[in-house]
Structures are given as C-alpha cells and as structure tokens.
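Student: Sequence below, structure please.
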Amino acid sequence: MSDIETKFTEAMFEIYRRAKSEANYPANVFLKMVVDNGGRATAKTLINADKPSDGYTALYLKHRLDLTVEAVVVENPRWHCLFTPAEIERARKRLTEYRYDPRAN
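Tutor: Modelled structure (predicted):
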C-alpha cells in the first residue's frame, strides 16, 4: 500500500470515529469494510454501488453527509489521484442529488 493509500485509509477511520461521536452513528459495517479491504477499496465499492449505502442514508437523515466517503473524496483534491475522474464525478453527483453542496478545498 502506498503512502497516500495509507493516509486515505486513516482518513476513512477518522470519518468512522467522527460519525460515531458527532452523529451518534456507529458505522460498524463500514468499519469492517475498511479493516478488511482498506480505505481505497472500500471507497471505490461504495462510490460505484448502484445506490447509496445504508450508512450514507443514515448520515443523510442526520444531516451529516460531510461524514460520507463521497464527501471526503470529492472535497479533498489530495485523494483524487486514488480515483478515476468518473468515480469522483459519480460521488459528486450522489452528493448533489441529496442536496449536499460539496465545497472545493
């Protein structure tokens, strides 16, 4: 795993911790995915899924889409090299469909 992939996996663990503490959402399935597959593979799986995950929906209902994989990927250009332009656009589209305006960092 490259250094950038390691740092991205750390970012995925961070959104798990923040979702649990700030949104009272224990994303246990997400945590298991990250532990088993790493952050990049987990993010690709979730972004490329035909529909949003249960965790995405739960965070939407809590008005915390900022804690989703999609937001982390779209909002931080540092991670863009880990994803295809189509994946970044797919994540952006999902966020905007749920009325979340990804901010450019």
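Student: Need the pLDDT of the residue nearest the centre of the chain.
Tutor: Compute the mean C-alpha point of the chain, and by Cα atoms, centre = their mean the closest residue is Val69, 0.4 Å away. Looking at Val69, its pLDDT is 98.
Student: mind pulling up the phi and psi values for it?
Tutor: The phi and psi values for Val69, taken as degrees, to the nearest 10, are phi -60, psi -40.
Student: From Arg94, how far out is it?
Tutor: 10 Å (Cβ to Cβ, to the nearest Å). Quick note: C-beta positions are derived from backbone N, CA and C, even for glycine.
Student: which residues are in contact with both of those two?
Tutor: Residues touching both Val69 and Arg94 by Cβ atoms under 8 Å, 6 or more residues apart in numbering: 47, 56.
Student: Quick check: closest non-adjacent residue to His80.
Tutor: Distances taken as Cβ to Cβ, 6 or more residues apart in numbering put Ile88 closest to His80, at 6.0 Å, once the chain neighbours are dropped.
Student: Okay, buried residues for the helix or strand that neighbour falls within please.
Tutor: Assigned by DSSP states H and E, Ile88 belongs to helix 85-97. Residues 87-88, 90-92, 94-95 are the ones in helix 85-97 that count as buried (16 or more other Cβ atoms under 10 Å).
Student: Closest one to Asn37 out of those, please.
Tutor: Closest to Asn37 out of those is Glu87 (15.8 Å), distances taken as Cβ to Cβ.
Student: check contacts around that closest one.
Tutor: 44, 47-48, 73.
Student: Which pLDDT value belongs to it?
Tutor: Looking at Glu87, its pLDDT is 98.
Student: just Asn105 next, same as before
Tutor: For Asn105, the pLDDT comes out at 43.
Student: can you check Ser2 too?
Tutor: Ser2 carries a pLDDT value of 87.
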